[in-house]
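**Q** after the sequence you'll find the predicted model.
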Amino acid sequence: MINYRIDDLGEMLPQLRADGVEVIRGPESHENGRFAWIMDPDGNKVELWAEDLGRQEQGCLTDFLQERELARGWTYQGVVE
């Protein structure tokens, strides 16, 4: 299954439905964000993921990213611009 990270699930799903895309489940809220699942034209299940913005707004975005990367066992290197 392919997973796409998107900015606004609430905005994206109505657009997809209007274009005839089958939304098979969601949106659902979980600890690490909001999710929905759609079917692509070839019949493949695709996961859409939007990060939990409320959690990001509670603290510094850098702290949020560092915590997430460390939880995955990665070494946080910062954001490259």
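**A** Good, I have the coordinates. Numbers count the residues shown, from 1 in each chain.
**Q** could you chop the chain up by domain?
**A** Domain ranges of the chain: 2-50, 55-81, per automatic domain parsing.
**Q** least reliable of those going by mean pLDDT?
**A** With a mean of 55, domain 55-81 has the lowest mean pLDDT of the domains of the chain.
**Q** what's the burial count for Arg34?
**A** Using other Cβ atoms under 10 Å, the number of residues around Arg34 comes to 20. (Glycine included, C-beta is placed from N, CA and C.)
**Q** and it, how far from Gly20?
**A** Arg34 is 22 Å from Gly20, where distance means Cβ to Cβ, to the nearest Å.
**Q** now Ala36: how far from Asn44?
**A** Distance of Ala36 to Asn44, given as Cβ to Cβ: 15 Å.
**Q** which parts of the protein are helices?
**A** Remark: helices assigned in the chain by DSSP state H are 9-18, 53-58, 61-71.
**Q** the closest residue to Lys45 other than its chain neighbours: what's it in contact with?
**A** Spatially, and ignoring its direct neighbours in sequence, Lys45 is nearest to Met1 (5.1 Å; Cβ to Cβ, 6 or more residues apart in numbering). For Met1, the contacting residues are Asn44, Lys45, Val46, Glu47, by Cβ atoms under 8 Å, 6 or more residues apart in numbering.
**Q** quick one, grab the pLDDT at Met1.
**A** Reported pLDDT for Met1: 78.
**Q** and the nearest residue to Ala50 once chain neighbours are set aside, what does it touch?
**A** Ranked by Cβ to Cβ, 6+ apart and with sequence neighbours excluded, the top spatial neighbour of Ala50 is Leu9, at 4.0 Å. Residues counted as contacts of Leu9 (Cβ under 8 Å, 6+ apart) are Gly26, Pro27, Arg34, Phe35, Ala36, Leu48, Trp49, Ala50.
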